[in-house]
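Chemist: Just to be clear, the model below is a prediction. Sequence and coordinates:
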Protein chains: 2
Amino acid sequence: MSKLYGKSKREIAELLRSKDIHPTAQRIEMAWCLLSRPQHLSADEIRLMLNQEYEQVSQATVYNNLKLFAKKGVVQELIVSSDRIYYDSNPNPHHHFLDLDTGKIEDIPNCALQISQMNINACIEDVSVIVKGRRKQLDLEQVHP
Amino acid sequence: MSKLYGKSKREIAELLRSKDIHPTAQRIEMAWCLLSRPQHLSADEIRLMLNQEYEQVSQATVYNNLKLFAKKGVVQELIVSSDRIYYDSNPNPHHHFLDLDTGKIEDIPNCALQISQMNINACIEDVSVIVKGRRKQLDLEQVHP
DNA sequence: CTGCTTGCAAAGGCTTTGCAGAACA
DNA sequence: TGTTCTGCAAAGCCTTTGCAAGCAG
């Protein structure tokens, strides 16, 4: 399995093809931007990032392709608040921490959270854990600035 | 601690007062309906239930009071899909199962799901687990009708 | 040439809000 | 009498969709 992040655009095109997605210029830009590192972005954040210098991708295309990416397993839709959908550049199963102070979403490493028991009479397709909290202030200077 | 469900309207009024909510007619109807049993309802489902026979509560009031109930801990906001917010009549911490066939949300008893390990450097305020899956067909007649 | 994509604009759906009138203490 | 609450209508916001034009194989 190749690296997850920091792919070249050529590699991105290949990844898209491998997921049965026709690699158009817009899609390559979007995936390249999203998959540059672990991150959690809304459709609008992605559109703004892409169009900073000049208009590269339209709003409709951003929305449509994000849905497509999620369906094909390139990224993961993340439902943490009711305002908007976030897209997680890590498509593999893992859990999330929402920092209530900053609103930022972070991945929880699988080693940091384990579900020990699950007695549910069903074919389970997905388990998502969302932990909400506030980062501890380890730095005393923040208390006495 | 008194029973959670099936309260009389008088008891509902008392519950609301205990949560620092002025018990108006509309609020009592809403809470009485919601807290009649364990359930997960959207704002619109609640409005429809309340107004089946005659207009009791307006849309704006339903939305405003649900937000108020959630803030005061009478019910719990449930974010499982991006389309709408659900309100859970059980305000205590627990987890949820989403049936992908029916779209119905069910509570997962705490005994059926346990998190064994959680190494997160933060003050945790909430942990929500959403399990998505399909109920197993235990009835063979459904396979050979 | 044909099917897929893009992008604009409009529509859709849920939720929030401004405001006037009603209810209540 | 003053504050709180309700309800109507409109606005807001994110997202989806219809459709014509563009692009690619």
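Modeler: Great, that's in hand.
Chemist: Closest to the mean position in chain A, which residue would that be?
Modeler: By CA atoms, centre = their mean, chain A has its centre lying nearest to residue A:88, at 1.0 Å.
Chemist: which residues does the nearest residue to it once chain neighbours are set aside contact?
Modeler: Using CB to CB, 6 or more residues apart in numbering or on different chains and skipping the chain neighbours, the partner closest in space to residue A:88 is residue A:76 (4.2 Å). Any C-beta I mention is one placed from the backbone N, CA and C, and that applies to glycine too. Contact partners of residue A:76, counting by CB atoms under 8 Å, 6 or more residues apart in numbering or on different chains, are A:70, A:87-88, A:90-91.
Chemist: 10 Å instead, please
Modeler: By CB atoms under 10 Å, 6 or more residues apart in numbering or on different chains, the residues touching residue A:76 are A:40, A:69-70, A:86-94, A:96, A:126, A:128.
Chemist: From residue A:135, how far off is the residue nearest to the centre of chain A?
Modeler: Counting by CB to CB, to the nearest Å, the gap from residue A:88 to residue A:135 is 20 Å.
Chemist: try residue A:46
Modeler: Counting by CB to CB - residue A:46 and residue A:135 are separated by 25 Å.
Chemist: Counting neighbours, go ahead and name the busier of the two.
Modeler: Between residue A:46 and residue A:135, residue A:46 has the larger neighbour count (other CB atoms under 10 Å in any protein chain shown), namely 21 against 16.
Chemist: DNA strand D versus that one, what's the distance?
Modeler: As defined by CB to the nearest atom of the strand, to the nearest Å, residue A:46 lies at a distance of 10 Å from DNA strand D.
Chemist: wait, what's in contact with the nearest residue to that residue once chain neighbours are set aside?
Modeler: Among residues not flanking residue A:46 along the chain, residue A:62 sits closest, at 5.9 Å (CB to CB, 6+ apart). By CB under 10 Å, 6+ apart, the residues touching residue A:62 are A:26, A:30, A:42-48, A:50-51, A:56.
Chemist: the domain parsing of chain A - what is it?
Modeler: Following automatic domain parsing, chain A resolves into domains at A:9-88, A:95-143.
Chemist: what about the helix or strand of chain A with the lowest mean pLDDT and chain B, any contact?
Modeler: Least confident helix or strand, chain A: strand A:113-118 with a mean of 83, by mean pLDDT, DSSP states H and E. Yes: interface with chain B: strand A:113-118 contributes A:113-118 (CB under 10 Å from any CB of the partner chain).
Chemist: low-scoring stretches of chain A, by residue?
Modeler: By pLDDT under 70, the weakly predicted segments of chain A are A:1, A:137-145.
Chemist: Of all the domains of chain A, which one is nearest residue B:82?
Modeler: With CB to CB, the closest approach to residue B:82 among these belongs to domain A:9-88: 5.0 Å.
Chemist: Does DNA strand C have contacts with that closest one?
Modeler: Yes: interface with DNA strand C: domain A:9-88 contributes A:21-22, A:24-27, A:55-61, A:64-65, A:82 (CB under 7 Å from any atom of the strand).
Chemist: Of these, which belong to helices?
Modeler: A:25-27, A:59-61, A:64-65 (DSSP state H).
Chemist: Out of those, which is nearest to residue B:101?
Modeler: Comparing those against residue B:101 with CB to CB picks out residue A:64 as the nearest, at 26.8 Å.
Chemist: Settle this for me: that closest one is touching residue A:24, isn't it.
Modeler: No: the pair residue A:64 / residue A:24 is not scored as a contact, 11.3 Å apart, by CB atoms under 10 Å.
Chemist: if we can go back for a sec, which of the ones in helices among the residues of domain A:9-88 next to DNA strand C sit farthest apart?
Modeler: Pairwise distances across these peak at 16.4 Å for A:25 and A:59 (criterion: CB to CB).
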